[in-house]
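Enquirer: coords below, sequence missing:
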Ligand code: P6P
């Protein structure tokens, strides 16, 4: 019985549209998919295999690392360092970039990832995910350094995320639309179940961590106040609110039914212009949302146009249904 279009078949068919494709990219993508299957198994087994709880260490962000943060980072490194497709890697969980070891061949891609986004949810069994972004290593660079990773989001050749939820999903874009795949655990293959995903231009659902309200900038406060005013206010419609504290889950929901996700600039920590990281959260998610017809801004500027200044740079993020994002941007312009 045919199980449908597998992600491997889909990627190979996608490759046929790419002039002069050598198969390197296809093979790299398949190694990333394999890593996500391995991570899915560890996440799904959780307490049964003793991987919950904290590791007793902190990452470069100063965040307490969960055991699974470290385990999943290792899985991504081991799955993608050996085949000769990557020139180097970078991760939320590693201070510095990861050069490919000398005993392995180097390739032409730079792989950046958040191995377990939303990991604060793992001990309470709420959906988490893996986010990744693929850039080309600049021509002629044999030993990439951090600066080679500092490319605007518009330079991404691929972005995707795995969502470890009630079902394990993989969402992918190579700049030719967005497609969703569901892991058929009986076969161990991701199968195309959500072709050509589109974000509705309008929504009545917003996602924000409202506990930070007193720190928000005025345009965001105005937008949320108007949503909360509902039928009695200027929007003349009631809104719904969601906050999962797992960006992968919020973005997947927005891809399936629309919505606006906001982690805006706030004054909670003046040293941080936002919480989310540009290279391995905001940029890949912006690429996916824009390819699905949505929009993604800091409030002032398009996230994918930003010139990154450092590997772990943080940015404000306002993404999702185009008409709502544009309203928030208009409020920033008017402020
Ligand atoms: P808060 C997870 O740690 C994350 O990076 C995103 O996935 C999520 O949207 C956000 O932070 C949650 O932040 O402050 O609500 O815990």
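Expert: Ah, there it is. What you see is a predicted model, and the numbers here were worked out from it, not measured in a lab.
Enquirer: I'd say residue 52 and residue 121 touch.
Expert: No. With contact defined as C-beta atoms under 8 Å, residue 52 and residue 121 do not form a contacting pair (11.2 Å). The C-beta positions use only the backbone N, C-alpha and C, and glycine is treated the same way.
Enquirer: just the helices in this structure please.
Expert: Per DSSP state H, the chain carries helices over the ranges 7-15, 24-45, 67-80, 146-149, 218-229, 247-257, 283-291, 322-334.
Enquirer: Ok, which of those helices comes nearest residue 203?
Expert: Closest of these to residue 203 is helix 322-334, at 5.6 Å (criterion: C-beta to C-beta).
Enquirer: same for the closest one, what does it pack against?
Expert: helix 218-229, strand 260-263, strand 295-297, strand 317-320 (3 or more C-beta pairs under 8 Å, 6 or more residues apart in numbering; DSSP states H and E).
Enquirer: Out of the ones you listed, which one sits most buried?
Expert: strand 317-320 (a mean of 29; mean count of other C-beta atoms under 10 Å).
Enquirer: Check which helices and strands that one is in contact with.
Expert: If you count contacts as 3+ C-beta pairs under 8 Å, 6+ apart, strand 317-320 packs onto helix 247-257, strand 260-263, helix 283-291, strand 295-297, helix 322-334.
Enquirer: Contacts made by the third one with the rest, please.
Expert: Among residues not part of helix 283-291, those counted as contacts by C-beta atoms under 8 Å, 6 or more residues apart in numbering are 112, 131-133, 153, 156, 159-161, 171, 173, 175-178, 199, 247, 251, 254-255, 295-296, 302-304, 317, 319-320.
Enquirer: picking up where we left off before, columns mean pLDDT and distance to residue 187 on top of the helices and strands packed on strand 317-320, output as a markdown table?
Expert: Formatted as a markdown table, these follow (pLDDT from 0 to 100; distance: least, C-beta to C-beta, whole Å):
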| stretch | mean pLDDT | distance to residue 187 |
| --- | --- | --- |
| helix 247-257 | 98 | 22 |
| strand 260-263 | 98 | 33 |
| helix 283-291 | 98 | 25 |
| strand 295-297 | 98 | 34 |
| helix 322-334 | 97 | 37 |
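Enquirer: want to throw the ones you listed into CSV with distance to the ligand?
Expert: Below are the helices and strands packed on strand 317-320 laid out as CSV (distance: least, C-beta to the nearest ligand atom, whole Å):
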stretch, distance to the ligand
helix 247-257, 3
strand 260-263, 6
helix 283-291, 9
strand 295-297, 14
helix 322-334, 16
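Enquirer: Let me have those in a markdown table, adding distance to residue 10 as columns.
Expert: Below are the helices and strands packed on strand 317-320 laid out as a markdown table (distance: least, C-beta to C-beta, whole Å):
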| stretch | distance to residue 10 |
| --- | --- |
| helix 247-257 | 17 |
| strand 260-263 | 26 |
| helix 283-291 | 15 |
| strand 295-297 | 24 |
| helix 322-334 | 26 |
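Enquirer: quick revisit: which of the contacts of helix 283-291 are buried?
Expert: 112, 131-133, 153, 156, 159-161, 171, 173, 178, 199, 247, 251, 254-255, 295-296, 302-304, 317, 319-320 (16 or more other C-beta atoms under 10 Å).
Enquirer: Within range of the ligand, give me the residues from the stretch 1-150 of the chain.
Expert: 117, 118, 120 (C-beta under 6 Å from any ligand atom).
Enquirer: who wins for proximity to residue 91 among the helices of the chain?
Expert: When the helices of the chain are compared by C-beta to C-beta, helix 67-80 sits nearest residue 91, at 5.5 Å.
Enquirer: Contacts only, for residue 325.
Expert: Residues in contact with residue 325 (C-beta under 8 Å, 6+ apart) are 260, 294, 295, 296, 297, 318, 319.
Enquirer: Next, find the distance separating the third one from residue 330.
Expert: Using C-beta to C-beta, to the nearest Å, one obtains 12 Å as the distance from residue 295 to residue 330.
Enquirer: How about the contacts made by residue 278?
Expert: Residue 278 is in contact with 153, 303, 306, 308, 313, 314, 315, counting by C-beta under 8 Å, 6+ apart.
Enquirer: ok, residue 83 to the ligand distance?
Expert: The spacing between residue 83 and the ligand, counted by C-beta to the nearest ligand atom, to the nearest Å, is 29 Å.
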